[in-house]
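# fold the following, please.
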Amino acid sequence: MEIEVNKKMKRFLLILNCILLGVGNSCGPLIMRLYFLRGGKRIWLSSFLETAGWPIIFIPLFIAYLHRRRRRRNLQSDHHSTPLFFTTTPLFFAAAIIGILTGLDNYLYAYGVSLLPISTSALINTSQLAFTAGFAFLLVRQKLTPFSVNAIFLLTMGSVLLAMHSNGDRPDGESNKKYYLGFIMTVAAAALYGLVLPMVELMYKKTKQRMSYTVVMEVQLVICFFSTLFCCVGDSKGSKGI
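From the prediction side, this is the model:
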């Protein structure tokens, strides 16, 4: 019975995460672009908000802790010894570094969205697949298949063609300098995020941490916290008009 409950819970969490990811990836860029179209100029604030919801992660972590505590009690073990966190020190510092890189990536992406139409920035951002595959091959020896190579080629060529025919979707009154700066910033954001994803997998391998739902959520908490902190510090340095 317990195995069936665990399978149902895993399926529910998977579906919930997919829904949240889909809604966030669809609505987040639109809301950010709308902010800049309505006269917003605080890029650091926009990048800060991308991970500012990190305290919500405490909710599933607390529920997972209560579940572990109850299970230990049912097994007639010392429930007072239930560990609160599973993240080791090396894993924590590795996640903190990745969090800072994520904060920088958020800034680059917000900068690009502030200068480009959402359709353009979304298409450029698909080049992240090429960067992810390349860095995954270099860092974690992820093999490339003919299907992935074909997808990478098509998405990369789409971004190149978009750059060559960019006059049609350029905002009114925007100079070539600003438009191409936004293009470069968006490509840089895609490249950096393509590096971050393989680094997360490499982090798990190097720290030899046993993977579980709790560990993954704790790592996400650390990454989002340091990403938000990085953007908060950047905003406090007087970059409000950038």
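# Gly103 against Leu229, yeah?
Yes. With contact defined as C-beta atoms under 8 Å, Gly103 counts as touching Leu229 (7.4 Å). Yep, even glycine has a C-beta here, placed from its N, CA and C like the rest.
# who has more neighbours, these two?
Gly103 (25 against 17; other C-beta atoms under 10 Å).
# skipping its backbone neighbours, what lies nearest the more buried one in space?
In space, and not counting its chain neighbours, Gly103 is closest to Phe230: 3.1 Å by C-beta to C-beta, 6 or more residues apart in numbering.
# was I right about the one you found contacting Ile98?
No. In this structure Phe230 lies outside contact range of Ile98 using C-beta under 8 Å: 11.2 Å.
# past the lowest-mean-pLDDT helix or strand in the chain, which element shows up next along the chain?
Lowest by mean pLDDT, DSSP states H and E among the helices and strands of the chain is helix 146-164, with a mean of 62. The first helix or strand that comes after helix 146-164 along the chain, using DSSP states H and E, is helix 176-207.
# next SSE downstream of that following helix?
helix 213-236.
# Thr132 and Leu197 touch, don't they?
Yes. Between Thr132 and Leu197 there is a contact at 5.2 Å, judged by C-beta under 8 Å.
# of the two, give the one with the bigger neighbour count.
Thr132 (21 against 17).
# which residues touch the spatially closest residue to that one that is not a sequence neighbour?
Nearest residue to Thr132 in three dimensions, chain neighbours excluded: Gly194, at 4.1 Å (C-beta to C-beta, 6+ apart). The neighbourhood of Gly194, defined by C-beta atoms under 8 Å, 6 or more residues apart in numbering, consists of Gln128, Leu129, Ala130, Phe131, Thr132, Ala133, Gly134, Phe135.
# just those residues: which are in helices?
Among the contacts of Gly194, the ones falling in helices (DSSP state H) are Gln128, Leu129, Ala130, Phe131, Thr132, Ala133, Gly134, Phe135.
# and the pLDDT at the fifth one?
According to the model's per-residue confidence, Thr132 sits at a pLDDT of 84.
# what bits of the chain have low per-residue confidence?
1-6, 74-82, 144, 147-174, 237-242 (pLDDT under 70).
# biggest helix in it by residues?
Counting residues, the longest helix found in the chain (DSSP H) is helix 2-37.
# nearest to Ser212, of the contacts of Gly194?
For the contacts of Gly194, the residue nearest Ser212 by C-beta to C-beta is Thr132; the value is 24.2 Å.
# give me the helices and strands touching the helix or strand containing Ile63, please.
Using DSSP H and E, Ile63 maps to helix 58-74. Under the contact criterion of 3 or more C-beta pairs under 8 Å, 6 or more residues apart in numbering; DSSP states H and E, helix 58-74 touches helix 213-236.
# buried ones in the helix it packs on?
214-215, 217-231, 234-235 (16 or more other C-beta atoms under 10 Å).
# quick one: that helix to chain centroid distance?
10 Å (C-alpha atoms, centre = their mean, to the nearest Å).
# next, count neighbours for Lys206.
Around Lys206 there are 12 residues (other C-beta under 10 Å).
# distance-wise, check Lys208 relative to Pro90.
Distance, Lys208 to Pro90, by C-beta to C-beta, to the nearest Å: 9 Å.
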